[in-house]
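Colleague: sequence? don't have it. structure:
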């Protein structure tokens, strides 16, 4: 191809068409990035997690934990705003964990989705104490006993 082949066919290939990214894609990226941070026990409130674990045990409801639980986003053509609800492990610095979550989520969304992250709002809804069992663990134990 010659140097002006791009001009002949309407510009660089990257500028020919639109790419749209669904909100759920950004939710999954943000959810995975948040879970990767040390000190994050889970995403979502205790109630949302227990309802989600009940839903996951229902036949035909799919398998695995919901990656998007505790994550909501607004995605535009160029920018994204993200809200997270997290549960932290007891003993960690909540402000340090929140800062690390914010950094990891921004980095992942901007790198993978190509959207500028304008804000990451974090609500810490609970602290996982060392002697507490997870609602999900309790449900699995009850299911084995029955």
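Modeller: Good, I have the coordinates. Bear in mind that the values here come from a model prediction, so they are computed numbers and not experimental data. Residues are numbered from 1 along each chain as shown.
Colleague: per-residue pLDDT, the residue nearest the centre of the chain?
Modeller: The chain has residue 31 as the residue nearest its centroid, 1.3 Å off, counting by Cα atoms, centre = their mean. Listed pLDDT for residue 31 reads 97.
Colleague: isn't there a helix covering it?
Modeller: Yes: read with DSSP: H, G, I helix; E, B strand; the rest coil, residue 31 is one of the residues of a helix.
Colleague: enumerate every residue touching it.
Modeller: Residues in contact with residue 31, defined by Cβ atoms under 8 Å, 6 or more residues apart in numbering, are 43, 67-71. All C-beta spots, glycine's among them, are computed from the backbone N, C-alpha and C.
Colleague: same list, these, but as JSON lines with neighbour count and pLDDT please.
Modeller: Formatted as JSON lines, the contacts of residue 31 follow (neighbours: other Cβ atoms under 10 Å; pLDDT from 0 to 100):
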{"residue": "43", "neighbour count": "26", "pLDDT": "96"}
{"residue": "67", "neighbour count": "17", "pLDDT": "87"}
{"residue": "68", "neighbour count": "19", "pLDDT": "93"}
{"residue": "69", "neighbour count": "18", "pLDDT": "94"}
{"residue": "70", "neighbour count": "25", "pLDDT": "96"}
{"residue": "71", "neighbour count": "27", "pLDDT": "97"}
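Colleague: what's the most distant pair in those residues?
Modeller: Farthest pair in the contacts of residue 31 (Cβ to Cβ) is 67 and 70. Separation: 9.7 Å.
Colleague: let's see which of the contacts of residue 31 end up in strands.
Modeller: 43, 71 (DSSP state E).
Colleague: make JSON lines out of the contacts of residue 31 and add distance to residue 126.
Modeller: JSON lines is the format used below for these (distance: Cβ to Cβ, whole Å):
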{"residue": "43", "distance to residue 126": "11"}
{"residue": "67", "distance to residue 126": "19"}
{"residue": "68", "distance to residue 126": "18"}
{"residue": "69", "distance to residue 126": "13"}
{"residue": "70", "distance to residue 126": "11"}
{"residue": "71", "distance to residue 126": "16"}
